[in-house]
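Peer 1: Sequence and computational prediction follow.
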Amino acid sequence: MESGFRYAQFCPLARASEILGERWTLLILRELFVGPQRFSDLRRRLIGVSPSVLTARLERLEALELIERRSWSPPSAARVYALSASGRALEPALLELIRWGMRFLEAPEPGDHLEPDWLVLGLRAFARPGPTPPRSFEVRVHGAQRPLRIAGGPEGTRIEPAGEPADVRLAAAPLVLMGLLFGQLDGATALREGQLEAKGDLDALSDLSRMFAQPPERPRHAQPQP
């Protein structure tokens, strides 16, 4: 085991806690699930992390072979951090943590940072695995670098890079899209109020929330009191 805090317990959960329990480590991995990142990208996206802490966490993750350094294709000479095969193996657990964490997610507070492409992980976490409406959507999240494609069918909802034609093309802010996906916001209302841009078969909007599982209920003690 690489240097760092160690529980004196022979248990795989203890080993996972030793790796993921350090502050910022899990969020660094979240960023790399979005895609390869430069050191400067990670600094910008992880508001509050110091350069020394980020360097230490990256060095440990690289020593554990959870991440690796790569060079971007020419003409760029930038070096980026990316997940290794062992790092990508964390995906099912990461998506389950996202689902679990939604129980405790409240409205954003002033100063809270939100990266638009974090929504991609949320989509993957709540995509329905069973048969879903055979609709397709090209989604542009305001502020995200790339559009994505949501497609339904007999094998469930798929989250893919945009490319193939879609029934509807959508563009909206992250929180508006979350409201649409979870059925908390009506598509027609969002269009009328200018919160949503959409082109194509607008009747398909009514099927969008059926393609995603609803978030779990918040624990009773965490719900706002009347």
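Peer 2: Yep, it's here. All values reported here derive from a predicted model rather than from experimental measurement.
Peer 1: Not counting its neighbours along the chain, what's nearest residue 87?
Peer 2: residue 66 (4.1 Å; Cβ to Cβ, 6 or more residues apart in numbering). C-beta coordinates here come from the backbone N, C-alpha and C atoms, glycine included.
Peer 1: Mind splitting this structure into its structural domains?
Peer 2: The chain breaks down into these structural domains: 12-89, 118-211 (assignment by automatic domain parsing).
Peer 1: Which one of those domains lies nearest to residue 99?
Peer 2: Taking Cβ to Cβ, domain 118-211 is the member of these nearest to residue 99, at 5.2 Å.
Peer 1: what separates the closest one from the chain centre, distance-wise?
Peer 2: The chain centre lies 14 Å from the centre of domain 118-211; the measure is Cα atoms, centre = their mean, to the nearest Å.
Peer 1: now the strands: where do they sit in the chain?
Peer 2: 67-71, 79-83, 136-141, 148-151, 158-161, 168-172, 196-200 (DSSP state E).
Peer 1: Buried ones in the last one, by neighbour count?
Peer 2: Under the neighbour-count criterion of 16 or more other Cβ atoms under 10 Å, strand 196-200 has 196, 198, 200 buried.
Peer 1: Contact partners for the residue nearest to the first one when sequence neighbours are not counted?
Peer 2: The reference is to residue 196. Spatial nearest neighbour of residue 196, chain neighbours left out: residue 190 (3.8 Å); criterion: Cβ to Cβ, 6+ apart. Counting by Cβ atoms under 8 Å, 6 or more residues apart in numbering, residue 190 makes contact with 172, 176, 179, 180, 196.
Peer 1: Let me know the distance separating residue 190 from residue 116.
Peer 2: 17 Å (Cβ to Cβ, to the nearest Å).
Peer 1: Let me have the strands of the chain in TSV, extended by distance to residue 97 and mean pLDDT.
Peer 2: Shown next, in TSV, are these (distance: least, Cβ to Cβ, whole Å; pLDDT from 0 to 100):
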stretch	distance to residue 97	mean pLDDT
strand 67-71	18	94
strand 79-83	16	96
strand 136-141	21	96
strand 148-151	21	96
strand 158-161	17	94
strand 168-172	26	96
strand 196-200	29	96
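Peer 1: Now render the ones you listed as CSV, adding distance to residue 208.
Peer 2: As requested, those are exported to CSV (distance: least, Cβ to Cβ, whole Å):
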stretch, distance to residue 208
strand 67-71, 34
strand 79-83, 29
strand 136-141, 7
strand 148-151, 8
strand 158-161, 13
strand 168-172, 8
strand 196-200, 10
